[in-house]
Structure formats: C-alpha cells, structure tokens
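Student: structure of the sequence below:
(chains A, B, C and D)
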Number of protein chains: 2
Amino acid sequence: MTTRTELPSTEVACCAPPTREPMTAETAAVLAQRLKAIADPTRLRLLSMVAAHENAEACVCDLTEPLGLTQPTVSHHLRVLVDAGLLTRDKRGVWAYFALVPGALDSLAAVLTSQQPAEGAAV
Amino acid sequence: MTTRTELPSTEVACCAPPTREPMTAETAAVLAQRLKAIADPTRLRLLSMVAAHENAEACVCDLTEPLGLTQPTVSHHLRVLVDAGLLTRDKRGVWAYFALVPGALDSLAAVLTSQQPAEGAAV
DNA sequence: CCCAGACATAGACGTTTGTCAATGTCCAGG
DNA sequence: CCTGGACATTGACAAACGTCTATGTCTGGG
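Tutor: This next block holds a predicted model:
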C-alpha cells in the first residue's frame, strides 16, 4: 500500500482516484455464484442442448448419452443449473423435463456489459 | 438411457429431437475457461474497481487495500484476468497499471445471449 | 403386489482453486 | 554500489469442485 493517505500533494500517487463506486462485496459474491454455474464445460453444453430442443425442453436420458458422463453426474449438473435459476425441472410421470428460464442468461449477460448490479433480475 | 434407438414408432420417446446443433465440446471448454476468469468475487471486484477509475486504469497498490487481501493474492487474480484477455498490464517505472480491454466483457456477454460461439472475438 | 426403469441422493476420491508466507526481480534515489 | 519499495513468483495448504459407484425413491405395467 502506498502512503497516499492524508499526505500533502507533493506525495506521488500512482493513479487517479476512482470516479464511480465499485461493486460491493455482497454483489460480487452473488454474481460470482451465478457465473460459477455456467463456468463449466458440461453445464454450458447442457444449456446448449436444452436450447437446441424444439420446445427448449429435454429430459435426462437424452442429455446423458451425448455427454459421455454417467447419469448421476448429469443429474448433479442439472441441479446446479436449476439452483442457479437457469433451468426449470418439471417431472411428468417417470421423466424429468428441463427447460430454459426465459431471460435468465440474458439478465446475466446484461450485468456484465453494464457493470451494474441489476438486482431486480436476480433469482 | 432410454431405448429410443432404432425402434418402431410405437416406442415412447421422452422428448422431441433437437432442432439445432448444440455447442461443441471444444467450444464449451474455451467458453468455460473464459467464464471461470470472471466467476470469482475478488476478480469481479477487481474488474469493477479498474472500471471505476478515471482512465479505467489502476495499479496494484490501490487495489490491494480495499479488498483486504495480500499483495500476492491480488497479483495472482490480476494475472488470471490478464491471461483471460480482460485486462492489460502496463508497467511504467515501478508501478504496474492495469486497464480494461475494450469490448472484452461485452463479447463474453454476447456469447451468452446469442448462444453462438463468436470465435472471432476470442482472445 | 411386485418388478423394471428413470431419476435423485449419499459417500468417496482425485483434481483444481483461492489464499498466504517467503522469496525473487526490477527500478529509482542517495 | 547499495538500499528500499513495488510487484511477480514459488511452495504449501485447506476448501471447493467434478466425477464415479452404490443406493434410495417414485412411477407405471404386469
């Protein structure tokens, strides 16, 4: 830490002071948790595969085989995506159908571009 | 896996077949690696703090104190962000100045919304 | 009533990640 | 030169993560 605090202006400062307010630690923690949900190759492919279906809806059995992973692993990743508010689970009969939450990915992307919290769009 | 392969149409299918091509494993791996760089509370705050400066430029000494972390830890996170193509490092004299790469965050966000690789905008 | 199949959960294990203390490197001043 | 300060690098360690096997739960059919 440079001794930039309460010193006369003769002291050298390495950079200019901030003009805007930086992100809060709490906001960063919430955003990071949501980003962690999609910062995984398998989960990105799962999202893509669900989106590639006709009604943006797919069941586990169709998602397991193309990934080359076991069923419990796929189930685990799907749970992470559901908990992050990116997918919805709908169990009809024996099968569980997963669908994209409309606008969830877009609101996440919007936070990155605007550098604004946009707390209202959170889960 | 359901026995949906090479069976007559009398077999029940859990969901409709995909209409579009899902994301490649390689594309998912590259995207996930870039997302991992920003899927961390400390790094999100670092990006925000750099962006909050006047010229979108800041040195390590100004970033360490508000985070409450040690200097090597901050240096490590900055390295991750530089490697991910989100920040640039400019060492002038004794100090190292970090600046946002214009459009880097936006191109990352654009991939999420469009669900398209957009490889041309990669690092 | 029992069985088979679809999916979830629990526990275990190797790998990755975030953090720190200690040390190295480079630049500017005296 | 030699010293102090800014930053990077290394090594170590605990926590978190991704994956698997084994098992549980629930539903529909015979």
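Student: where does chain A come near DNA strand D, residue by residue?
Tutor: Contacts of chain A with DNA strand D, taken as C-beta under 7 Å from any atom of the strand, map to A:1-3, A:14, A:36, A:40, A:42, A:69-70, A:72-73, A:76-77, A:80, A:93-94. For glycine as for every other residue, the C-beta is placed from the backbone atoms N, C-alpha and C.
Student: the helices in chain A, which residues?
Tutor: Taking DSSP state H as the test, the helices found in chain A are A:25-38, A:41-52, A:60-67, A:71-83, A:104-114.
Student: A:Thr24: which of the residues of chain A next to DNA strand D is nearest?
Tutor: For the residues of chain A next to DNA strand D, the closest approach to A:Thr24 (C-beta to C-beta) belongs to A:Lys36, at 18.0 Å.
Student: contacts only, for the closest one.
Tutor: B:Ala39 (C-beta atoms under 8 Å, 6 or more residues apart in numbering or on different chains).
Student: and the residues of chain A next to DNA strand D, which of them are buried?
Tutor: A:Thr2, A:Cys14, A:Lys36, A:Asp40, A:Thr42, A:Leu69, A:His77, A:Val80 (16 or more other C-beta atoms under 10 Å in any protein chain shown).
Student: among those residues, give me the pair with the biggest separation.
Tutor: A:Thr2 and A:Leu69 (49.6 Å).
Student: in chain A, what helix or strand scores lowest on average pLDDT?
Tutor: Counting by mean pLDDT, DSSP states H and E, chain A has its least confident helix or strand at strand A:57-59, which shows a mean of 80.
Student: quick check, that one touching DNA strand C?
Tutor: Yes: using C-beta under 7 Å from any atom of the strand, strand A:57-59 comes into contact with DNA strand C via A:Cys59.
Student: just checking, A:His77 touches A:Thr42?
Tutor: Yes: look at A:His77 against A:Thr42 with C-beta atoms under 8 Å: they come within range, at 5.3 Å.
Student: and DNA strand C, which of the residues of chain A next to DNA strand D reach it?
Tutor: Near DNA strand C, judged by C-beta under 7 Å from any atom of the strand, the entries from those are A:Pro72, A:His76, A:Val94.
Student: closest one to A:Val30 out of those residues, please.
Tutor: The shortest approach to A:Val30 among those belongs to A:His76, at 22.0 Å (C-beta to C-beta).
Student: and the gap between that closest one and B:Thr64?
Tutor: For A:His76, the distance to B:Thr64 (C-beta to C-beta, to the nearest Å) stands at 37 Å.
Student: again with A:Thr88
Tutor: On the measure of C-beta to C-beta, A:Thr88 and B:Thr64 end up 42 Å apart.
Student: which of the two has more neighbours?
Tutor: Remark: of A:Thr88 and B:Thr64, B:Thr64 carries more neighbours, 18 against 15, as counted by other C-beta atoms under 10 Å in any protein chain shown.
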